[in-house]
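Coordinates only, no sequence provided:
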């Protein structure tokens, strides 16, 4: 029997959200990559587009601005996505995706602190 796999979905990451009309924003994602559900995003200051929240950059995207709720493919052109931009909300810590530069616990904790300031909190057991 073949094994079926399913990519991560919004329900894997988002465990509680008080009011979707308040917490979510429609945003434009920068061109050139695939963004999975649960991607930690930052906003590029000059263009206003969102991309993975990086570490050590200086374009504005180094600060986490929210969590992408649905996967988006921008390999061919920029596209829109739904961003969890503010809380109160609870997310599963294990269902989040980070930029390749977020490769250690200290950098990940920094992104969590930036999102916690927006009212987005994380739980291991969620």
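Received the coordinates, thanks. Values in this document were obtained by computation on a predicted structure and should not be read as measured data.

Against residue 114, how distant is the residue nearest to residue 49 when sequence neighbours are not counted?
Using CB to CB, 6 or more residues apart in numbering and skipping the chain neighbours, the partner closest in space to residue 49 is residue 30 (4.4 Å). No exception for glycine: its C-beta is placed from N, CA and C like everyone else's. Separation of residue 30 from residue 114 (CB to CB, to the nearest Å) stands at 19 Å.

Residue 12 in helix, strand or coil?
helix (DSSP: H, G, I helix; E, B strand; the rest coil).

Give me the contacts around stretch 112-126.
Identification of contacts with stretch 112-126 by CB atoms under 8 Å, 6 or more residues apart in numbering yields 15-16, 40, 53, 63-67, 84-94, 96.

let's go with 10 Å and repeat that
For stretch 112-126, the surrounding residues in contact (CB atoms under 10 Å, 6 or more residues apart in numbering) are 12-18, 22-23, 40, 42, 53, 62-67, 84-96, 108, 111.

ok, now stretch 70-83?
With CB under 10 Å, 6+ apart, stretch 70-83 has contacts from 7-10, 20, 23-39, 41, 43, 47, 49-51, 65-69, 97.

again, 7 Å this time
For stretch 70-83, contacts defined as CB atoms under 7 Å, 6 or more residues apart in numbering pick out 7, 10, 24-37, 41, 49-50, 66-69.

For that stretch, buried residues please.
Residues of stretch 70-83 classed as buried by neighbour count (16 or more other CB atoms under 10 Å): 71, 72, 74, 81, 82, 83.

thinking again about what came up before, okay, and which of the contacts of stretch 112-126 map to helices?
Within the contacts of stretch 112-126, residues falling in helices by DSSP state H are 12, 13, 22, 23, 108, 111.
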